[in-house]
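Peer 1: curious how this folds, go ahead:
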Amino acid sequence: MSPSTEATPLPEAQRLDDLSPHQWRSGIAAWLGWLFDGLEMHLYTLVATPLVVGLLGAVSSADPAVKEKSAYIQAGFLVGWALGGAFFGRIGDRIGRSRALALTVLTYALCTGLCGLAQTWWQLMIFRFLAALGIGGEWAVGATLLAETWPKAWRPWMAAVLQTAVNLGVLLAAAVVGLLTLLPSPPSERSIFFIGVLPALLVFWIRRKVPESEGWAQAGTAGRATSKMSDLFRGPTARTTFHTMTVCALGLSVWWLFLFWHPQHLRTLLAAEGTSAAVSTQKVSAAFFCLIFVSTVGNFFAGWLAKQIGNPRAIALLFFGLAGGMIGSFAVNRGFAELAWFWLPAVGFFSGVFGLFTMYLPPLFPTLLRTTGAGFCYNIGRLAAAAASLVFGWLAPVGDFRQALLISSGLAVAAGLVAWSLPDSDSRASEIQT
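Peer 2: Coordinates of the predicted model:
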């Protein structure tokens, strides 16, 4: 494939007042899409254990079947996320960023609502898989839309702001679940998913107000017709594909193992203290709220670090920090309070590394492979994370995930080592566009 020529860029905005209405609309659309991504992703995480217990008719969360089916559901979600990134990424390169963004939001909103109608664990797994297709696709399309429309010099801060949107969505999910448990007659866990239908309303605004990026529009119909996904594995683009894919696979595996299993570990600690299920949900939600709040601060630290030393070095150092936080959390037995209010937030601080990928990955690829490449390389890590969820779900002792979480910190170390030699976005983009 002959890479498409980039459109001659307009002078870049130096201040917010310099941004065009087009840039503001694309930015708001991507930010809201990511906000609802965070909401949709973590509604399930926060109610996973009691929901699966109810669907299986189990006596308690200590039932081995609960752990096994929870792992299957989580793996299905991560597989859907990976496939969605590649599938909607390809659609975004073919039909445009704006139209693809609307499709992704509609997909994850409606399918999250369907999760509330599941009557068996495997139905829940299917609906979570379908919702994940849209969530994975929205990441790729939204990131590329901003990379093509907002100033290049702002990318580290844009990445931080976008990742903050995800964190706010996660906090919103934690707040909703926590508040509902305080009601005199709390609703069932399944009813919480109906909140996830609301983002579907965003689709109508996107289709009316958000235009396509100039870079994609100027690529032309002929170029879009000849562009193929297999081009990711040819020529100079192939090394970039495999390199970034490896880092994302390692990093996302450890992060999703941490996100999914640490609440279960906290519940185990609370159960050992004789805490009731309802109070445990409140405390775990509060701990999750604290972790994500600190993660938001970490997003801007990551952006600052990337401005100082560049994306590759910043990504590597943050992965090393993430590993250190996990080792400190799980190397020894710690009580709920010590974990929830100090060590787990320390892990969250270094999770700002994942925000950097938002603006770092798309410019590594030619225009007509940009959404496909970013979506595939980042979200292929979900497949690795899905496999890791199953492996650790099988190997971890029932009701004790501390050892599995400690071992998984080694994946963060490996991600940091590989990330040290990642290519630079701007120089790599220039090389493949000429």
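Peer 1: SS state for the closest residue in space to residue 146 that isn't next to it in sequence?
Peer 2: Closest residue in space to residue 146, ignoring its immediate chain neighbours: residue 30 at 5.1 Å, by CB to CB, 6 or more residues apart in numbering. Bear in mind the C-beta positions are built from the backbone N, C-alpha and C, glycine included. The three-state label given to residue 30 by DSSP: H, G, I helix; E, B strand; the rest coil is helix.
Peer 1: quick check, residue 132 in contact with residue 84.
Peer 2: Yes: using CB atoms under 8 Å, residue 132 is in contact with residue 84, at 5.9 Å.
Peer 1: which residues does residue 286 contact?
Peer 2: For residue 286, the contact set (CB atoms under 8 Å, 6 or more residues apart in numbering) comprises 174, 178, 340.
Peer 1: closest to residue 230 out of the residues you listed?
Peer 2: residue 174 (41.6 Å; CB to CB).
Peer 1: secondary structure element for the closest one?
Peer 2: helix 155-180 (DSSP states H and E).
Peer 1: could you give the average pLDDT over that helix?
Peer 2: In this model, helix 155-180 carries a mean pLDDT of 80.
Peer 1: let me see the mean pLDDT of stretch 299-314.
Peer 2: 92.
Peer 1: tell me the buried residues in that stretch?
Peer 2: 299-303, 305-306, 310-314 (16 or more other CB atoms under 10 Å).
Peer 1: can you pick out the most distant pair from the residues you listed?
Peer 2: 300 and 312, at 19.2 Å, using CB to CB across the buried residues of stretch 299-314.
Peer 1: what are the boundaries of the helices in the stretch 51-200 of the chain?
Peer 2: Assigned by DSSP state H, counting those that start in this stretch, the helices in the stretch 51-200 of the chain fall at 64-95, 97-115, 121-149, 155-180.
Peer 1: go through those helices and pick out the most buried.
Peer 2: helix 121-149 (a mean of 26; mean count of other CB atoms under 10 Å).
Peer 1: mind checking pLDDT for residue 403?
Peer 2: Confidence score, pLDDT, at residue 403: 81.
Peer 1: where does it fall, secondary structure wise?
Peer 2: Going by DSSP H and E, residue 403 is in helix 402-419.
Peer 1: list the helices and strands that helix packs on?
Peer 2: Judged by 3 or more CB pairs under 8 Å, 6 or more residues apart in numbering; DSSP states H and E, the packing partners of helix 402-419 are helix 235-272, helix 311-330, helix 370-395.
Peer 1: neighbours around the closest residue to residue 341 other than its chain neighbours, how many?
Peer 2: Distances taken as CB to CB, 6+ apart place residue 290 nearest to residue 341, at 6.4 Å, with adjacent residues excluded. Neighbourhood size, residue 290 [other CB atoms under 10 Å]: 18.
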